[in-house]
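Colleague: No sequence on hand, only this structure:
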C-alpha cells in the first residue's frame, strides 16, 4: 500500500475528557461554525497535553461519574492553572465490564429492597413455569425512575439459586446505529464470549457454538457474520443480501437461544426496548412465537410509548405492566 508523501505512518493520540457547562457561540466566518468556551475546554486541553501516548486522563470530578463503567488508576497531582490547587487526575485502563450502577454497586451498599411483592411473585411464577417447560414472555413497562432496574436487578440475583442459563441484552440510546445490538450481546452471553476480540476468536466462536448445540453448525456463517468475523471455513452465501440476509441473521440468533434453552432453561432480559432498532424488533416478534414451545423466559423492559407495544397471544404474554404506580388502584 502506498502512502501520501510527508504523512506519518501512524497517529499518536493523547486524550482527556471532562464534564461541565460550556458556552457555545456561532461564528461569522471561517470553517468553524461554532466556538465552544468554558473552563472545562481549557482544562481538558491542558490535561490532554500531559497524557502519555494512547492514554486517556480524567479529572477527579468526572472520574467519579464514570468510574463504575471503567477501570482507572491514579496519576501524580498536576497544576493546570497557576495559583490554583493541584488536581489528581486518573488514567483510564479499560472497561470495567459493568453496564449499570446497580451492577457495579458494592455488596451490602444498597438499601434493603422492600415492596413490589406482586411483581416479584409474577416473575417468580414465570420462572417456575419456564423451568417446567412452558416458556413465558413478560413485559415490564414504566416511566424512568419508578424502579424497573432495581426490581430486575434483584430478580436476576435470585437466579443464582436456580439451574438456568441467563443472558442480558441492552439497547442503547443511539442503538439504531448498531443493528441487532441487544441480541448480539445476549448471544455473546450464551456462548460465554468476552467483549474483546482476539486472534483465535473465529475458532473460539465455532467451538463454543458447536458445544452449545451441534445442530447450530448450519447457522455458523450467519453467527460469524453478525459478530463481524470473517470465515473461509463457514462463508456467508453470496446470495444472502438485503431482507434475505436480515431474515437469516434473525433465524440464526433465535436458533442459538432456543437450542440453548432446550438443554437448560434460559432467562433472557432485554432492557430499554424503547431504544431498540427495527431489526431487533423484528427478531423479537419472531422469538415471541417460539417462547411457549421452549423453556425460555423473555423479559422486556421499556418506557411507555406506542413504539414499544408488543402484541402477543394471551398464553404467551402472561403479564404486562403499562404504568408502575406507587400504589395500585383498587378494583
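Modeller: Right, received. Where do you want to start? Just so you know, these numbers come straight off a predicted model, no measurement behind them. Numbers count the residues shown, from 1 in each chain.
Colleague: contacting residues around residue 216?
Modeller: By CB atoms under 8 Å, 6 or more residues apart in numbering, the residues touching residue 216 are 209, 210, 223, 255, 256, 259. (C-beta placed from N, C-alpha, C; glycine too.)
Colleague: Neighbour count says what about the residues you listed? Which are buried?
Modeller: Burial by neighbour count, judged by 16 or more other CB atoms under 10 Å, picks out 209, 223, 255, 256, 259 from those.
Colleague: Just the ones of these in helices?
Modeller: Among the buried ones among the contacts of residue 216, DSSP state H puts 209, 223, 255, 256, 259 in helices.
Colleague: Next one: the fourth one relative to residue 226, how far apart?
Modeller: Okay, so that is residue 256. Distance from residue 256 to residue 226, counting by CB to CB, to the nearest Å: 10 Å.
Colleague: just the helices in this structure please.
Modeller: Going by DSSP H, the chain shows helices at 39-50, 60-66, 101-104, 117-131, 148-158, 181-191, 201-212, 220-226, 242-263, 278-291.
Colleague: Now render the ones you listed as CSV, adding distance to residue 14 and mean pLDDT.
Modeller: Shown next, in CSV, are the helices of the chain (distance: least, CB to CB, whole Å; pLDDT from 0 to 100):
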stretch, distance to residue 14, mean pLDDT
helix 39-50, 5, 86
helix 60-66, 17, 83
helix 101-104, 28, 58
helix 117-131, 48, 86
helix 148-158, 36, 79
helix 181-191, 30, 92
helix 201-212, 30, 93
helix 220-226, 35, 94
helix 242-263, 39, 93
helix 278-291, 37, 92
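Colleague: Put together CSV for the ones you listed, with distance to residue 140 on each row.
Modeller: Formatted as CSV, the helices of the chain follow (distance: least, CB to CB, whole Å):
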stretch, distance to residue 140
helix 39-50, 37
helix 60-66, 27
helix 101-104, 15
helix 117-131, 8
helix 148-158, 5
helix 181-191, 15
helix 201-212, 28
helix 220-226, 26
helix 242-263, 19
helix 278-291, 14
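Colleague: so residue 59 touches residue 42, yeah?
Modeller: No: at 11.9 Å, residue 59 does not count as touching residue 42 under the criterion of CB atoms under 8 Å.
Colleague: More neighbours: which of those two?
Modeller: Per other CB atoms under 10 Å, whichever of residue 59 and residue 42 has more neighbours is residue 59, with 22 against 13.
Colleague: quick revisit: pull the most distant pair out of the buried ones among the contacts of residue 216.
Modeller: Spatially, the most separated pair among those is 223 and 259, at 11.4 Å (CB to CB).
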